[in-house]
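Q: Give me coordinates for this.
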Amino acid sequence: MGRFESSCLTGAAACATTLLVAATWVAAVGAAPPGVFFEPNVRVTDGSTPFLFQVEPYVAVDPANRLFVGWKEADTADGPGIRVGFARSFDGGLSWSPNVLMDRLYRFQTDPWLALDELGRLYYARLEFSESLFQSQGVAVSRSDDAGATWGPVADADDIRLAFVDKSSIMSDGDGRLYVGYAFVAGGRTVTGGIRVSRSTDSGVSWSSVAISDAATNAIGAVLAAGAGGIVHGAWWDATSGDVFVDRSVDGGITWGADVRINRMPGSARASSSNPHAQPLPTIVATPRGALFVGWAEGSGSDLDIVVARSDDGGTTWGIPVRVNDDASAREQWQPAFTVGPDGTLHLAWLDNRTGAYNVFYATSRDGRRWSANVRVTDAETPSAFQRPGDYLGLATGGDGTAYVVWTDGRNGDLDIFFSRSPPSSGTSGTATTSVAQVPPTRRSERGRSG
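A: Numbers count the residues shown, from 1 in each chain. Below is the predicted model:
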């Protein structure tokens with residue numbers, strides 16, 4: 001594989017030149033709000049592993065603005081994971097450490113996700129399974145106490161055996177608790193599964209697991225948002241019903257309420273008719289002031305848009321979903337990733353097919369109802385021949401408001417992990433967009449459920 005290097009590595013003068021080029025390029029595209037641009041793209045993966053395809057990255061940033069990225073290693077563009085990789089950057093993503101493969105409990109690994117706790121310790125969650133994809137052993141978690149230089153023993157974070165487990169995520173609530181979400185299908189990959197969440201109160205050493213979904217029949221994409229006081233939210237997509245659901249725990253993940261559907265009409269969240277890999281897997285974030293936001297892909301046929309819904313009462317009721325992408329094409333937008341900046345600004349990035357090839361686009365909002373014009377992150381396109389450049393991308397914001405994006409990129413003829421960043425700027429609160437539909441106010445049941 002060819003190696004892409006940022007010219008910012010050659011010195012301050014060269015870096016200033018490349019940033020000017022980046023600003024000029026974005027201005028030519030004509031999509032950037034004033035002052036918002038993404039720097040030239042940098043390749044994270046270095047071609048040192050024995051696998052040709054690297055997909056499904058996730059990124060985390062610590063208070064010292066050190067960056068950490070995990071991803072899946074595979075033999076084919078749309079094949080199952082074999083191992084998971086890791087790299088870190090201490091210069092804002094301009095250069096990256098040599099790639100390493102994570103330790104493992106079982107033979108195969110997939111679906112990486114990263115989290116940092118209140119003490120700055122780094123956690124790497126992934127699925128691990130044995131000889132067969134349908135003999136999944138569940139979720140494995142490693143912890144690093146030295147910013148990813150070394151890793152401790154691998155912990156088994158679930159109580160599942162001999163079943164299909166998919167799309168794990170990990171989250172710290174900043175209050176001494178960790179949560180891992182994942183989809184669970186009993187007895188093989190059939191439509192009889194739901195969502196589970198494991199919790200740890202001893203920094204990832206031991207875990208307990210509980211089922212949280214009432215209605216899911218073929219759930220996938222369990223993502224979490226957690227905060228102090230033991231409040232944790234989960235969101236997922238049910239492929240059979242075509243709905244996006246949320247649920248909430250107010251006691252640190254021990255008991256959960258009833259599932260709440262948030263898509264506009266029952267069954268309206270469906271995969272693209274022309275690309276079944278373009279799916280409505282959700283993303284979720286909670287702001288410091290308590291507002292909750294979920295984004296997902298929704299549309300009809302092969303015309304999928306990114307929509308965002310807001311809740312101001314902890315997920316009990318939801319407002320009107322608002323479209324974020326500002327293109328007029330009947331193309332697919334999916335793989336949204338949410339983060340919230342230190343000033344409460346919402347940042348959203350997603351995979352976008354508006355040009356006929358794949359790019360990553362980005363927008364910001366102050367309130368989730370009005371979104372900025374879309375900014376293109378990628379400075380080269382991924383050919384549309386790669387119908388499944390992974391199932392998700394990664395987005396994080398630093399303490400100064402810098403946005404960091406990682407994604408699966410096919411510009412070199414295979415799939416690699418690429419990175420770009422957008423320095424903080426003002427005037428990005430967003431402009432009004434057209435609402436998609438009203439979600440009827442839906443109240444959760446007050447009954448709890450424990451497992």
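
Q: Where do the helices of the stretch 101-250 of the chain begin and end?
A: Read by DSSP state H, counting those that start in this stretch, the stretch 101-250 of the chain holds no helices at all.

Q: which residues of it score low on pLDDT?
A: Within the stretch 101-250 of the chain, the ranges that satisfy pLDDT under 70 run 131-136, 159-164, 185-193, 214-217.

Q: Repeat the analysis, applying 90 as the threshold.
A: For the stretch 101-250 of the chain, applying pLDDT under 90 flags the ranges 105-107, 129-138, 158-168, 183-196, 209-221, 227-229, 239-240.

Q: Please report how far residue 101 lies from residue 167.
A: Residue 101 sits 21 Å away from residue 167, going by C-beta to C-beta, to the nearest Å. Yep, even glycine has a C-beta here, placed from its N, CA and C like the rest.

Q: wait, I meant residue 61
A: Using C-beta to C-beta, we find residue 61 at a distance of 22 Å from residue 167.

Q: all strands in the stretch 251-400 of the chain, in order from the N-terminus.
A: Per DSSP state E, counting those that start in this stretch, the stretch 251-400 of the chain carries strands over the ranges 260-261, 283-286, 292-300, 303-311, 322-323, 333-340, 346-352, 359-365, 370-371, 375-376, 394-397.

Q: Export those as JSON lines, with columns for mean pLDDT.
A: Formatted as JSON lines, the strands of the stretch 251-400 of the chain follow (pLDDT from 0 to 100):
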{"stretch": "strand 260-261", "mean pLDDT": "95"}
{"stretch": "strand 283-286", "mean pLDDT": "97"}
{"stretch": "strand 292-300", "mean pLDDT": "96"}
{"stretch": "strand 303-311", "mean pLDDT": "97"}
{"stretch": "strand 322-323", "mean pLDDT": "96"}
{"stretch": "strand 333-340", "mean pLDDT": "96"}
{"stretch": "strand 346-352", "mean pLDDT": "97"}
{"stretch": "strand 359-365", "mean pLDDT": "97"}
{"stretch": "strand 370-371", "mean pLDDT": "96"}
{"stretch": "strand 375-376", "mean pLDDT": "96"}
{"stretch": "strand 394-397", "mean pLDDT": "98"}
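
Q: between these, which gets nearest to residue 84?
A: Nearest to residue 84, of all those, is strand 394-397, at 13.3 Å by C-beta to C-beta.

Q: For the helix or strand just after that closest one, name the packing helices and strands.
A: Downstream of strand 394-397, the next assigned helix or strand under DSSP states H and E is strand 403-409. Applying 3 or more C-beta pairs under 8 Å, 6 or more residues apart in numbering; DSSP states H and E, one finds that strand 403-409 makes contact with strand 53-61, strand 67-74, strand 346-352, strand 359-365, strand 394-397, strand 416-422.

Q: now strand 403-409, how far from the centre of its chain.
A: When distances are taken as C-alpha atoms, centre = their mean, to the nearest Å, strand 403-409 is centred 10 Å away from the chain's centroid.

Q: So in that sheet, which strands flank it, and in what orientation?
A: Looking at strand 403-409 with DSSP bridges, its partner strands are strand 394-397 (antiparallel), strand 416-422 (antiparallel).

Q: Run through who's touching the longest one.
A: When you say that, I think you mean strand 416-422. 1, 4, 36-45, 54-55, 57, 59, 67, 69, 71, 89, 92-93, 96, 362, 375, 377-379, 402-411 (C-beta atoms under 8 Å, 6 or more residues apart in numbering).

Q: pLDDT of it, averaged?
A: Strand 416-422 shows an average pLDDT of 97 in the prediction.

Q: Return the angle between stretch directions for it and strand 359-365.
A: Going by axes from the mean of the first three to the mean of the last three C-alpha atoms, to 10 degrees, strand 416-422 is angled at 30 degrees with respect to strand 359-365.
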